[in-house]
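Participant: Next comes the sequence, and after it the predicted model I'd like to discuss.
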Amino acid sequence: MDRQNNRRQDKFGGPLYEKLAAYGASDFYAFHMPGHKRLMGEFENPFQIDITEIDGFDDLHHPENDGVLTEAQRRAAQVFGAGETHFLVNGSTAGILSAISGCTKYGGTLLMARNCHRSAYHGAELRGAKTVYLYPQYIPELGINGVILPEDVENVLQKSIIEKKQQADGKTEKDSGGDREKNQNRIQTDIQAVMIVSPTYDGVCSDVRRIAGICHRYGVPLIVDQAHGAHFPFSKYFPEDAVSAGADVVIHSVHKTLPAMTQTALLHVQGEIANRERIRKFLSIYQSSSPSYVLMASIDACVDLIERDGEELFAKHVRELKNFRESCRELKWLYLAGLDSEKDGIWQLEAKLAEFGQTADFDRSKLLISARRANLAGAGLTGEELSRILRERYHIQMEMSGPDYVVGIAGIADSEEGFGRLAEALHELDQDMDEKIPVGVSTADKVSAKINALPRLKAVLTIGEAAEAEGACRPLAACEGAVAGNYVYLYPPGIPVLAPGERVTEELLKCIEEWLEAGYEVHGLKYDGDGIPKLGIVKE
């Protein structure tokens, strides 16, 4: 017993802490979140500032008019240009859940982008909402999802009004002419809120300004999951921020691209369309009743840093980004997304729209490195393999890998040395491929790799109805035609390829089988020890 006590006095923490400490002390460079990159922060002893709601320190759920948290949130609203800002200590997930719940009535209709994060689907499920989907454009040259077109939003909103008007015409056939005209004037869309994600995990941005204008003409609030774009307001090098573009509710993950601790985020509200009181109510439901003062202090410190030194820090960051991107122009087989569309750090509009799609913008701090050119020439390099090589050979940890690309997240905490290490690694890998790929191979007439666009599935039940229905479990290969009882998604980025209530198709099953064969982690499938993937379905 004495030996054990002595050992515990000499050594702090368990296996997880020890592994984290070792990683933090290593030479691994982090092109992944959180945005402080284990480099920018001054919490020498977080235990020293870890308190609860004691006198003088305000209460996040019941803030005082002149309390320290009230003032901190007001300052954040001013820095980000919002009408009202709330600290989130349960991540952007709590903000998305609160925004959807606050902007919709139970059983209402939510118009949402099909490539939203799974938390948006959970928000719809908790509200018993009917979901109508907006499908993003697809970018086959990069193998990623693109923008939500403004005209698609308009078309769905207009269609909903036409359908409701037709229903009203049927109900008022026996009414007098005056009553019928009065009823027609009251007709509004059944859609209670619109939800999109911009930028996507890969950095593609929709035209939020145009979409917001469309939503407002129909009296509908626009919610934007801009978790990956908290840095947008602070440099014109980045796409326009959703707050300044007019979105009603915007969620920022300050820990993703800014120097704040994991799980910290902000929810911004502006204008008169979104119901602020209801959003506040649901924030108190979805956030912990014991919010971490360490995390809230991290948000406040991040806002303070940007307010004081943001202009200088972002100017330096943009210079280093431009230099890195230019250094990648010499790559022959690997390709840094967006590089063909800019010159001297300036977008060439026609080229940008040709690469990312009409109305699209792109966040150049997302380092999307594609091996598709090499693969069309026969290199056979998967995104997972590229990520593994960077990690094992060069000690560079990227954020995520796709079928034939990797994504890194860059921010103001990154160093010139870090960018240099990544550039050197990419040039060495590019040279390796140049030696392996036969001379004279042309990719001009090659067919792009298989499209991995989101499948368009028919919703038979709402997400909530399917989740509550009696379920069964069936081998994946025998699920064609069944109605899904649970989610299936690749993680990251956590976008469901199948949601509860949708009918399973042969096309979807083939996609899932290919992902499994390629070694990707497909969440939502069940295994009973026999190695056979199974899917939860609604029992018919």
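Facilitator: Thanks, I have it.
Participant: Scan this structure for its longest helix.
Facilitator: helix 293-327 (DSSP state H).
Participant: Quick check: mean pLDDT of it?
Facilitator: Helix 293-327 carries an average pLDDT of 97.
Participant: Give me the contacts around whichever helix or strand comes after that helix.
Facilitator: With elements assigned by DSSP states H and E, the helix or strand that comes after helix 293-327 is strand 335-336. Outside strand 335-336, the residues that touch it by C-beta atoms under 8 Å, 6 or more residues apart in numbering are 325, 328, 367-370, 372-373. C-beta coordinates here come from the backbone N, C-alpha and C atoms, glycine included.
Participant: quick one: the longest helix of the chain to chain centroid distance?
Facilitator: On the basis of C-alpha atoms, centre = their mean, to the nearest Å, helix 293-327 sits 20 Å off its chain's mean C-alpha point.
Participant: Could you give me the buried positions within it?
Facilitator: 293-303, 305-306, 310, 313-314, 317-318, 320-322, 324-325, 327 (16 or more other C-beta atoms under 10 Å).
Participant: buried set for the helix or strand hosting Glu428?
Facilitator: Glu428 is part of helix 416-436, with elements assigned from DSSP H and E. Across helix 416-436, burial judged by 16+ other C-beta under 10 Å covers 418-419, 421-423, 425-427, 429-430, 433.
Participant: quick check, nearest of the contacts of strand 335-336 to Ile273?
Facilitator: Checking these against Ile273 with C-beta to C-beta, the nearest one is Leu368 at 34.0 Å.
Participant: rewinding a little: turn the contacts of strand 335-336 into TSV, columns for distance to Glu151.
Facilitator: Formatted as TSV, the contacts of strand 335-336 follow (distance: C-beta to C-beta, whole Å):
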residue	distance to Glu151
Arg325	32
Cys328	34
Leu367	31
Leu368	26
Ile369	32
Ser370	28
Arg372	29
Arg373	32
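Participant: if you look at the residues you listed, which of them are in strands?
Facilitator: 367-370 (DSSP state E).
Participant: still on that earlier bit, so what does the helix holding Glu428 touch, helix or strand wise?
Facilitator: Applying 3 or more C-beta pairs under 8 Å, 6 or more residues apart in numbering; DSSP states H and E, we find helix 416-436 packed against strand 29-31, helix 293-327, helix 383-394, strand 396-398.
Participant: closest to Ala212 out of the ones you listed?
Facilitator: helix 293-327 (24.1 Å).
Participant: Domain-wise, how is the protein divided?
Facilitator: Annotated domains of the chain cover 2-29, 67-148+192-303, 310-436, 463-538 [automatic domain parsing].
Participant: how distant is the second one from the center of its chain?
Facilitator: Centroid displacement of domain 67-148+192-303 relative to its chain, using C-alpha atoms, centre = their mean, is 10 Å.
Participant: Can you list the low-confidence ranges for the stretch 101-250 of the chain?
Facilitator: Under the criterion of pLDDT under 70, the regions of the stretch 101-250 of the chain flagged as low confidence span 171-187.
Participant: can you map out the strands along it?
Facilitator: With DSSP state E, counting those that start in this stretch, the ranges of strands along the stretch 101-250 of the chain come out as 109-113, 130-134, 138-139, 144-145, 191-197, 204-205, 222-225, 249-252.
Participant: and the ones you listed, which is most packed in?
Facilitator: Each of the strands of the stretch 101-250 of the chain was scored by mean neighbour count; the highest is strand 249-252, a mean of 32, by mean count of other C-beta atoms under 10 Å.
Participant: Show the subsequent helix or strand relative to that strand.
Facilitator: helix 254-257.
Participant: quick one on the thing from earlier: now the domains of the chain in a markdown table, with distance to Asp59?
Facilitator: Shown next, in a markdown table, are the domains of the chain (distance: least, C-beta to C-beta, whole Å):
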| stretch | distance to Asp59 |
| --- | --- |
| domain 2-29 | 30 |
| domain 67-148+192-303 | 7 |
| domain 310-436 | 29 |
| domain 463-538 | 32 |
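Participant: What residues sit buried inside stretch 461-481?
Facilitator: 461-467, 469, 471, 474, 476, 479.
Participant: Next, check those against the strands and list the overlap.
Facilitator: Within the buried residues of stretch 461-481, residues falling in strands by DSSP E are 471, 474.
Participant: nearest residue to Lys436 other than its sequence neighbours?
Facilitator: Ala379 (6.9 Å; C-beta to C-beta, 6 or more residues apart in numbering).
Participant: just the helices in the stretch 101-250 of the chain please.
Facilitator: Per DSSP state H, counting those that start in this stretch, the stretch 101-250 of the chain carries helices over the ranges 118-126, 150-171, 177-185, 208-217.
Participant: So which of these is the most surrounded?
Facilitator: The highest average neighbour count among the helices of the stretch 101-250 of the chain, using mean count of other C-beta under 10 Å, belongs to helix 118-126 at a mean of 23.
Participant: Just give the closest residue to Glu154, not the sequence neighbours.
Facilitator: Ile214 (4.9 Å).
Participant: was I right about that neighbour contacting Asp152?
Facilitator: No: taking contacts as C-beta atoms under 8 Å, Ile214 lies outside contact range of Asp152: 9.8 Å.
Participant: Ile196: which of the contacts of strand 335-336 is nearest?
Facilitator: The nearest member of the contacts of strand 335-336 to Ile196, counting by C-beta to C-beta, is Leu368 at 19.8 Å.
Participant: dump the residue contacts of the closest one.
Facilitator: By C-beta under 8 Å, 6+ apart, the neighbours of Leu368 are 142, 144, 202-203, 336-338, 405-407.
Participant: Tell me which of the domains of the chain is the most buried.
Facilitator: For those, the highest mean count by mean count of other C-beta under 10 Å goes to domain 67-148+192-303, at a mean of 22.
Participant: For that domain, measure first residue to last.
Facilitator: 17 Å (C-alpha to C-alpha, to the nearest Å).
Participant: re earlier: which of the contacts of Leu368 sits closest to Phe43?
Facilitator: Nearest to Phe43 among the contacts of Leu368, counting by C-beta to C-beta, is Val407 at 27.9 Å.
Participant: what sits against that closest one?
Facilitator: Taking C-beta under 8 Å, 6+ apart, we find Val407 in contact with 201-203, 366-369, 398-401.
Participant: Next, the angle helix 383-394 makes with the helix or strand containing it.
Facilitator: Using DSSP H and E, Val407 falls within strand 405-409. Here the directions of strand 405-409 and helix 383-394 differ by 60 degrees (axes from the mean of the first three to the mean of the last three C-alpha atoms, to 10 degrees).
Participant: about what we covered before: report the contact partners of the residue nearest to Lys436.
Facilitator: Ala379 neighbours (C-beta under 8 Å, 6+ apart): 333, 371, 433, 436-437.
Participant: rewinding a little: which elements pack onto the longest helix of the chain?
Facilitator: Identification of packing neighbours for helix 293-327 by 3+ C-beta pairs under 8 Å, 6+ apart yields helix 68-80, helix 416-436.
Participant: Save those as CSV, and put in mean pLDDT and distance to Lys534 too.
Facilitator: Output for the helices and strands packed on helix 293-327, formatted as CSV (pLDDT from 0 to 100; distance: least, C-beta to C-beta, whole Å):
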stretch, mean pLDDT, distance to Lys534
helix 68-80, 98, 45
helix 416-436, 95, 38
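Participant: Looking at those, spot the one closest to Val249.
Facilitator: With C-beta to C-beta as the criterion, Val249 lies closest to helix 68-80 of these, at 12.9 Å.
Participant: what pLDDT, on average, does the helix or strand that that closest one is followed by get?
Facilitator: Heading C-terminal from helix 68-80, the first helix or strand you meet, by DSSP H and E, is strand 84-88. Average pLDDT, strand 84-88: 98.
Participant: Can you name the residues in contact with strand 84-88?
Facilitator: Residues outside strand 84-88 that contact it (C-beta under 8 Å, 6+ apart): 60, 69, 72-74, 76-77, 94-95, 251, 264-270, 276, 280, 283, 287, 291, 296, 299.
Participant: next one: stretch 52-68
Facilitator: 51, 69-70, 73, 87, 89, 284, 287, 289-291, 293, 296.
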